[in-house]
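K.L.:
After the sequence you'll find the predicted model.
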Amino acid sequence: MKKFVYIVTDRNRTSLHVGMSSNLIKTLEFYKQMPCLFFDSGQQLTRLVYFEELKTEAQALSRFKLISRFTRMQKERLVRSCNPDWVDLTIGLDFEHITSGKKMINQVNLSFNMLS
C-alpha cells in the first residue's frame with residue numbers, strides 16, 4: 001500500500017507543515033474544509049508544495065520523522081530541490097485521477113460540442 005509524506009504551506013509560505021497519508025487527495029481536501037485546523041484563518045494550509053510516494057508504512061514513517069526534524073531552511077531546500085517555484089502540486093494529482101477514469105467530486109462532464 002502506498003504512503004505519502006508531504007509538505008503543505010499557506011499562500012505566503014509562512015507556515016510549513018509536514019504530514020503523512022495513505023490518500024493524499026483526501027487529506028488535502030480535509031485541509032481545505034478545515035481552514036483553521038492548525039493555525040488561524042489567515043494561514044490556511046492549501047498548497048501542496050512537496051510530496052514523496054513510499055512503498056511501506058515503515059519507510060514513510062521514518063521519512064516523516066526525519067523531515068519533521070528538519071529546520072525551516074532544510075525544508076525550504078527540500079521543496080526547492082524539486083519545486084523551485086513553489087507551485088501547488090495538487091493540480092497534477094487531480095489530473096492523474098481524471099485521466100485514470102475515477103470521478104472527482106468537482107469534476108464536470110462536458111460534451112464534445114461545448115469544447116470545440
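P.N.:
Cool, got the structure. Residues are numbered from 1 along each chain as shown.

K.L.:
for the residue nearest the centre of the chain, phi and psi?
P.N.:
Centroid check for the chain by C-alpha atoms, centre = their mean gives residue 48 as the closest residue, at 3.4 Å. Recorded main-chain torsions at residue 48 are phi -80, psi 120, according to degrees, to the nearest 10.

K.L.:
Test my guess that it contacts residue 28.
P.N.:
Yes: assessed by C-beta atoms under 8 Å, residue 48 is found in contact with residue 28 at 5.9 Å. Every C-beta, even on glycine, is put in place using the N, C-alpha and C of the backbone.

K.L.:
Return every residue with contacts to both of those two.
P.N.:
Here residue 48 and residue 28 have 8, 90, 93 as joint contacts, going by C-beta atoms under 8 Å, 6 or more residues apart in numbering.

K.L.:
So for those, which is the shakiest by pLDDT?
P.N.:
The lowest pLDDT within the shared contacts of residue 48 and residue 28 belongs to residue 93, with 73.

K.L.:
where do the helices sit along the chain?
P.N.:
24-33, 57-68, 72-82, 90-99, 112-115 (DSSP state H).
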